[in-house]
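Q: Following is a predicted model, sequence given first.
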Amino acid sequence: MVDGEEIRQSLLTLADALVKKSDEILEANKKDLSSIDAEDPIYDRVLLTEERISDIAESVREVARYDSPIGEIIEARTLENGLELSKVRTPIGVVGVIFEARPNVVIDIFTLCYKSKNACVLKGGSQSIHSNQALIDIIQEILEDKNVVVLLPNDRELIGEFLKMDEYVDVIIPRGGKGLIDFVRKNSLIPVIETGAGVVHTYFDEDGDLTKGEGIVFNAKTHRPSVCNALDTLIVHSSRLKDLPALCEKLAEKKVEIFADNIAFEALEGYEYLQTATSEDFGNEYLSLKMSIKVVDNLDEAIDHINTFGSGHSEAIITENKEAADRFLKAIDAAAVYVNASTRFTDGGVFGLGAEVGISTQKLHARGPMGIKELTSYKWQIIGDGQTR
């Protein structure tokens, strides 16, 4: 197994190589972008720029600086019979990741798997095939053992075969839309960690601060609308309808299309990009400059709506009422629950993990942004001196 110092040096070398070869990466990325409409939300997900490459390289350096969790003693105790028990952190083994669009996933997954001494097998989407290959080539150039990371060919039929390789792959992580995640969950013989799909709500409570609300709603929806932690549905307490136009005023600057229920529709009369919501507009992950608005009469209705239509990703409340905030934090069933902050913070880098494998929306093994420790398991080591049972 590669030692920790060699891993650290390899990752630092990779970070430098990404910056040095940014022209090659951008040229490959340009080929991918040439077949995508610039208005398509996928365009932004595939897009690489010098700034984004620099950010990716910095995240690699950050992970390189972390201590490896492998070998960490999680807990230890001695039994009455003298047996010494230690619960020790270990790699999972081989991590398979199937992802759509985002080429930065190649670097994020490899970096975290390599640091946690796992091998990884990647299957990217056709939208970023050239970018993915360029990044894998750079990784392979700095590795002595080329087998620690494999990029599968761009063949959709391979996915079905890949999902049946439970003898060789220890876990599958799909990163993409609901269709991909559902397909993997239904067809995999390998244990699955679901990540990616985000149906995100923000509830503006009867005791919400309007100035905070305006900033949070605008940021959550428009900062980067194509990502999974962007706002999809704004829920508003009925007593604050008079403030709804102010909450949405800045959204018009970005031409955000709003699908409002009947009550919100009347309150927003005059908003330029307004439509009446249908049942399909709630529980919808827009991934674009679109959102829905739902009016409720109390906190319980807001919580029920979120737990019914949310995907367990990121949810927020805007309120100055501590009791309401505490109830929201406890009652909402999601990986990340916010009070008076934008949901855009749900991110491995922002959470101090360096990067992320994905954002798990399930409850077993890992939940929320998955960093290095979420790519580990553990084993019990027992030291005895002839004890028998």
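A: Great, that's in hand.
Q: List the buried residues in the one helix or strand Ile303 maps to.
A: For Ile303, the host element (DSSP states H and E) is helix 299-309. Neighbour counts over helix 299-309 (16 or more other C-beta atoms under 10 Å) mark 299, 301-303, 305-306, 309 as buried. Yep, even glycine has a C-beta here, placed from its N, CA and C like the rest.
Q: so which of those residues comes closest to Arg102?
A: Phe309 (25.0 Å; C-beta to C-beta).
Q: residues touching that closest one, list them.
A: 199, 201, 233, 282-283 (C-beta atoms under 8 Å, 6 or more residues apart in numbering).
Q: from these, which is closest to Lys373?
A: Nearest to Lys373 among the contacts of Phe309, counting by C-beta to C-beta, is Val199 at 26.8 Å.
Q: Can you get me a residue count around the residue lying closest to the closest one once chain neighbours are set aside?
A: The shortest distance from Val199 to any non-neighbouring residue, by C-beta to C-beta, 6 or more residues apart in numbering, is to Ser311 (4.3 Å). Neighbour count of Ser311, defined by other C-beta atoms under 10 Å: 21.
Q: Can you mark which positions in stretch 218-231 are buried?
A: 218-222, 225-231.
Q: ok, Arg389 - how many residues close by?
A: When neighbours are counted by other C-beta under 10 Å, Arg389 registers 4.
Q: any idea how this protein splits into domains?
A: The chain resolves into domains spanning 4-195+357-383, 201-345 when parsed by automatic domain parsing.
Q: JSON lines for the ones you listed, including mean pLDDT and distance to Arg389?
A: What follows is these, written out as JSON lines (pLDDT from 0 to 100; distance: least, C-beta to C-beta, whole Å):
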{"stretch": "domain 4-195+357-383", "mean pLDDT": "93", "distance to Arg389": "8"}
{"stretch": "domain 201-345", "mean pLDDT": "96", "distance to Arg389": "41"}
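Q: Nearest approach to Phe351 belongs to which of these?
A: domain 4-195+357-383 (5.1 Å).
Q: Determine how far the closest one lies from the middle of the whole chain.
A: Centroid separation between domain 4-195+357-383 and its chain, computed with C-alpha atoms, centre = their mean, to the nearest Å, is 12 Å.
Q: in the stretch 1-150 of the chain, which spans are helices?
A: 4-20, 22-33, 41-46, 50-65, 104-115, 129-142 (DSSP state H, counting those that start in this stretch).
Q: between the fifth one and helix 129-142, how many degrees?
A: For helix 104-115 against helix 129-142, the angle between stretch directions is 30 degrees (axes from the mean of the first three to the mean of the last three C-alpha atoms, to 10 degrees).
Q: For helix 104-115, give me every contacting residue.
A: Counting by C-beta under 8 Å, 6+ apart, 7, 10-11, 14, 18, 48, 52, 56, 59-60, 63-64, 66, 68, 95, 97, 99, 119-120, 122, 124, 131-132, 135-136, 139, 148-149, 151, 175, 348, 354-357, 370-372, 375 sit against helix 104-115.
Q: And for the longest one?
A: Helix 4-20 is touched from outside by 2, 25, 53-54, 56-58, 60-61, 63-65, 67-68, 107, 111, 114-115, 117, 135, 138-139, 141-143, with contacts defined as C-beta under 8 Å, 6+ apart.
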